[in-house]
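Take a look and give me a structure for this.
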Amino acid sequence: MEAKSFRKAGHAPSLLSAFLYFDVSFMIWVLCGALSLYITKDFGLSDTQKAAMVAIPILGGSIFRIPMGILADRIGSKKAGLTGMFLTIIPLLWGWLGGSSLLQIHMIGFLLGFAGASFAVSLSLASRWYPPQYQGLAMGIAGAGNSGTALATFFGPQIAQAYGWHSVFGFALIPLGIVMIAFAILAKDAPNAPAPKPLKDYLSVFKHADTWWFSMFYAITFGGFVGFANYASIFFYDVYGDGAHPGGLTKIQVGYLVTITVVAGSFFRPLGGWIADRIGGMRLLLVLYSVISVCAFAIASMPGSFLVMLLYTSVMMACLGMGNGSVFQIIPQRFSSEIGVITGIVGAAGGLGGYLLPTYVLGPLKQSTGSQVTGFLVVGSIVLLTTLIFYAVTRSWRKSWAKAESGVNF
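Here you go, the predicted structure:
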């Protein structure tokens, strides 16, 4: 009965379109991370340079998400989505036919941020079709496009091994073209979309403290997910690969491990939204942040078995994925009329968190200490502090706008 009510409440073709757009875009966005073991070998990079190389696409996505969110509010999510996919063709062609220097790789990676910006468009497309009681599930389904990461980490290394890593960018044009056609046919802007407003009105959301709080909390959940997803190949190969230990994991086997890890984060996102609809995103997030912190400290113990490590990383990524769904169960309740731009802003903060994690924490600490241990001790401490801050902030939210009489679980 509930599933039937959910289907009747919104527009299934648009929800499917939002998922497909996000899925193929996310796959493309993380290609540098999925191919990192092959690209870094060609250019002989240091630990810090490796981390920066996989993080630059995340920075690009973080920057492009705000204008794409505003564009979705001004011209509609459908036109904005088609624009984003058209722009994504540029770095794919460049990576396929060029990418012969590290500078070019950095520029290609930055332009892959157009794919990362799909977040602001796909979630606004889905959100506007569904009432408050289904926001968590709808946003979770659209956001499950994170699963594109698994496609990149599973197929990317195999294609690179057979045809070279440049060809992977060329092959990616095929699913992108298919999704562009499907999106053009199926996607439809919701009839209740607000009328376009002057640019200064969209940017007025920066005046609200809650914008910054949501940005901080999403920088932990989504930033942790995308940052580790891009760094995971380097991490697993460094700790358990055949380059470090005779008989260790091959690059393709590492790709399988990373795929399992990111699948956990991707497919638990809708579950997080669904649970948040029932018990409240604030309650769920408090639990998830606590578990994420414990997992980070467990990873820092560097177990000798890669299967034990896979368990730790998968649980952490599952909680990060559920946290992503939980944050976006709450946001539409606070910023219903500015969902496009607020999704862009908060999404940008999430991308920024994903950029900072490998570039300024995991990569440099690995290079300076010679071990991955310190980086994850720092990550666990940061999340623990965020848990305490989140508890304090949500107490004030319950006294202001997140009240029980609204009929929404918080």
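
Quick check: phi and psi at Leu249.
With angles defined as degrees, to the nearest 10, Leu249 sits at phi -70, psi 140.

So what's the residue count around the residue nearest to Ile220 when sequence neighbours are not counted?
Distances taken as CB to CB, 6 or more residues apart in numbering put Thr386 closest to Ile220, at 5.2 Å, once the chain neighbours are dropped. In this view, the C-beta of every residue, glycine as well, is placed from N, C-alpha and C. Applying other CB atoms under 10 Å, we find 19 residues neighbouring Thr386.

Can you report how many residues lie near Met322?
Applying other CB under 10 Å, we find 29 residues neighbouring Met322.

Secondary structure element holding it?
For Met322, the element it lies in under DSSP states H and E is helix 306-334.

Going by neighbour count, which residues of that helix are buried?
306, 309-334 (16 or more other CB atoms under 10 Å).

With stretch 383-401 instead?
Val383, Leu384, Thr386, Thr387, Phe390, Val393, Thr394, Trp397.

Okay, the closest residue to Ser77 other than its chain neighbours and Gly344: tell me how far apart.
Closest residue to Ser77 apart from its sequence neighbours, by CB to CB, 6+ apart: Leu125 at 3.6 Å. Distance from Leu125 to Gly344, counting by CB to CB, to the nearest Å: 13 Å.

moving C-terminal of the helix holding Met322, what's the next helix or strand?
Remark: after helix 306-334, the chain's next helix or strand is helix 339-356, criterion DSSP H and E.

Identify the residues contacting Thr261.
By CB atoms under 8 Å, 6 or more residues apart in numbering, the contact list for Thr261 reads Phe228, Ala229, Ala232, Leu310, Thr313, Ser314, Met317.

Looking at pLDDT only, which of those residues scores worst?
Comparing pLDDT over the contacts of Thr261, the lowest score belongs to Ala229 (89).

What's the local residue count around Leu82?
Neighbours around Leu82, by other CB under 10 Å: 17.

Enumerate every residue touching it.
Met180, Phe183, Ala184.

These, buried ones only, as a ChimeraX selection?
Command for ChimeraX that selects the buried part of these, burial taken from 16+ other CB under 10 Å:
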select :180,183
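
Switch the contacts of Leu82 over to JSON lines; also include distance to Thr83.
Supplementary listing: those in JSON lines, determined by distance: CB to CB, whole Å:
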{"residue": "Met180", "distance to Thr83": "11"}
{"residue": "Phe183", "distance to Thr83": "11"}
{"residue": "Ala184", "distance to Thr83": "12"}
